[in-house]
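Colleague: Generate a structure from the sequence data that follows.
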Amino acid sequence: MRTAEDIVAELSSLANPDNVAGMARYGISPVGTLGVSIPVLRAIARELKPYRKSDPGALHSLACELWSTGLHEVRILAALVDVPALVTPEQADAWVAEMDSWDVVDMSSDLWAATPFGYSKAEEWAGRAEEFVKRSGFVLMCALAVHDKKAPDAPFLHFLTLVERESADERNFAKKAVNWALRQIGKRNRDLNAAAVAVAQRLRQSDSKAARWIASDALRELTSASIRTRLGLQLDPTSDK
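Modeller: All right, here's what the predicted structure looks like:
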């Protein structure tokens, strides 16, 4: 297995300051950022992922070493390769608390979703004050909605109560994550679509500008012909007009 030092050296050799500047324009923190593309990270992750079965302990240790570098892309790689069965709630809390950029949050969500504590952390983080911790909670809801195909509706109905509760947060990366969770839950099945549309319709009447934006944007997708056709619903629901 490759060492953390070897991986950091490879990624550092690919550093691109122009890419860093471009990423910053999209709200990605330039601190510790190399400007390495996601396809490069995914290629290294594919190389390392077989060790999840052959040597999970060593891969988990490597992921923790990679995270400890503090380098932006190296931390994304750590989340891509870590072993969900060996991740502890304490590790998840520590990593999320150190996140300073939306892309690290989003690229880590599949890792948290694959752990046994994904649902509890989604709820816990969604109620936190820190913008990127809150985002982590709602993006984790998205990952669970997409990947946990066999889960019942109950936890997602509960998540919708958290969407409604946190919808007044005006911060950009928080409100966009709340919106994303509302949309992903509402696309899961017919019953959840109806519940999500009902939440959005209530939020549209809110005094909060953020809540109204969340509602209007979500309703455009959740009541669209493409989504309703996929879910087998009638094409003329109560719309956002």
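Colleague: where along this structure do the strands fall?
Modeller: With DSSP state E, there are no strands along the chain.
Colleague: Low-confidence stretches in the protein?
Modeller: Across the chain, the ranges flagged by pLDDT under 70 are 236-241.
Colleague: Look through it and tell me its longest helix.
Modeller: helix 131-147 (DSSP state H).
Colleague: Who are the packing partners of that one?
Modeller: helix 89-98, helix 102-113, helix 118-126, helix 154-165, helix 172-186 (3 or more Cβ pairs under 8 Å, 6 or more residues apart in numbering; DSSP states H and E). All C-beta spots, glycine's among them, are computed from the backbone N, C-alpha and C.
Colleague: Put the alpha carbons of it into PDB.
Modeller: This file holds the C-alpha atoms of helix 131-147, laid out as PDB (Å, rounded to 0.1, in the frame of the first residue of the first chain):
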ATOM      1  CA  GLU A 131     -22.200  26.500   8.900                       C
ATOM      2  CA  PHE A 132     -20.200  23.500   7.600                       C
ATOM      3  CA  VAL A 133     -21.300  21.200  10.400                       C
ATOM      4  CA  LYS A 134     -24.900  22.100   9.700                       C
ATOM      5  CA  ARG A 135     -24.300  21.500   6.000                       C
ATOM      6  CA  SER A 136     -22.700  18.100   6.800                       C
ATOM      7  CA  GLY A 137     -26.000  17.100   8.500                       C
ATOM      8  CA  PHE A 138     -28.200  18.000   5.600                       C
ATOM      9  CA  VAL A 139     -25.900  16.700   2.900                       C
ATOM     10  CA  LEU A 140     -25.700  13.400   4.800                       C
ATOM     11  CA  MET A 141     -29.500  13.300   4.600                       C
ATOM     12  CA  CYS A 142     -29.100  13.600   0.800                       C
ATOM     13  CA  ALA A 143     -26.600  10.700   0.700                       C
ATOM     14  CA  LEU A 144     -28.900   8.500   2.900                       C
ATOM     15  CA  ALA A 145     -31.900   9.300   0.700                       C
ATOM     16  CA  VAL A 146     -30.000   8.300  -2.400                       C
ATOM     17  CA  HIS A 147     -28.100   5.300  -1.200                       C
END
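Colleague: Can you list the buried residues in it?
Modeller: By neighbour count on 16 or more other Cβ atoms under 10 Å, the buried set for helix 131-147 is 131-145.
Colleague: ok and it relative to helix 154-165, angle-wise?
Modeller: Inter-element angle recorded for helix 131-147 and helix 154-165: 150 degrees (by axes from the mean of the first three to the mean of the last three Cα atoms, to 10 degrees).
Colleague: hang on, the earlier thing: I'd like a version of the helices and strands packed on helix 131-147 in TSV, one that adds mean neighbour count and distance to residue 200 as further columns.
Modeller: Shown next, in TSV, are those (neighbours: other Cβ atoms under 10 Å; distance: least, Cβ to Cβ, whole Å):
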stretch	mean neighbour count	distance to residue 200
helix 89-98	16	27
helix 102-113	22	22
helix 118-126	20	17
helix 154-165	18	9
helix 172-186	25	6
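Colleague: now for the ones you listed, which one comes closest to residue 53?
Modeller: helix 102-113 (16.5 Å; Cβ to Cβ).
Colleague: Now do that closest one: which elements does it pack against?
Modeller: helix 72-81, helix 89-98, helix 118-126, helix 131-147, helix 172-186.
Colleague: For it, which outside residues touch it?
Modeller: Helix 102-113 is contacted by residues 23, 27-28, 38, 72, 75-76, 79-80, 82, 84, 87, 92, 95-96, 99, 118, 121-122, 132, 135-136, 139-140, 142-144, 147-148, 173, 177 when judged by Cβ atoms under 8 Å, 6 or more residues apart in numbering.
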